[in-house]
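Undergrad: I would like to see how this sequence folds:
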Amino acid sequence: MDFIIQNAYAQGAQSGDSTSFIIMMVLMFAAFYFLLIRPQQKKAKQHTELVAGLQVGDEVLTAGGILGKITGVSEHYAVVAISDNTEIKIQKASVSMVVPKGTYDEA
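TA: The predicted model follows:
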């Protein structure tokens, strides 16, 4: 008979587990936010600023690996000279980075 009463007490001890579960879930969300979500948002903001600041004469590298010099800029597109007589029109969002001046001439 004592065995049944002890089991009843043991079942009541599980109420503390629900608060620890909630605390663990909050900690996991915080870890995901600071390790994954926040850095991705920061990187996206930097890319948006880079695209907004493109100007004629900038030397750029596209996501596809094309190196060229910007000869024209519109709201959504940029014209990039990739050789003496060859220009291509690309979406500004496909520019991955602005390279230092003179990089295009050296290549």
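
Undergrad: use CA for all of it now, contacts and neighbours both
TA: Will do.

Undergrad: Gln105 - how many residues pack around it?
TA: Gln isn't right for residue 105; it's Asp. 10 (other Cα atoms under 10 Å).

Undergrad: Could you look up the SS state of it?
TA: With DSSP: H, G, I helix; E, B strand; the rest coil as the basis, Asp105 sits in helix.

Undergrad: and it, what is it in contact with?
TA: With contacts defined as Cα atoms under 8 Å, 6 or more residues apart in numbering, Asp105 has no neighbours.

Undergrad: if I look at it, how far off is Met97?
TA: Going from Asp105 to Met97 by Cα to Cα, to the nearest Å gives 17 Å.

Undergrad: got it, and Leu50?
TA: With Cα to Cα as the criterion, Leu50 and Met97 are 8 Å apart.

Undergrad: And Ser74, by the same measure?
TA: From Ser74 over to Met97 the distance is 18 Å, taken as Cα to Cα.

Undergrad: Got the domain ranges for the protein?
TA: 2-50, 55-106 (automatic domain parsing).

Undergrad: Show me the least confident stretch of those domains, going by mean pLDDT.
TA: Here the lowest mean pLDDT among the domains of the chain goes to domain 2-50, at a mean of 81.

Undergrad: before we move on, the earlier item: would you point to the one among the domains of the chain that's packed deepest?
TA: Comparing the domains of the chain by mean neighbour count (mean count of other Cα atoms under 10 Å), domain 55-106 comes out on top with a mean of 15.

Undergrad: tell me the SS of Ser20?
TA: Following three-state DSSP, Ser20 is assigned to helix.

Undergrad: where's it relative to Phe29, distance?
TA: 14 Å.

Undergrad: Skip the chain neighbours and tell me the closest residue to Ile82.
TA: Gly68 (4.6 Å; Cα to Cα, 6 or more residues apart in numbering).
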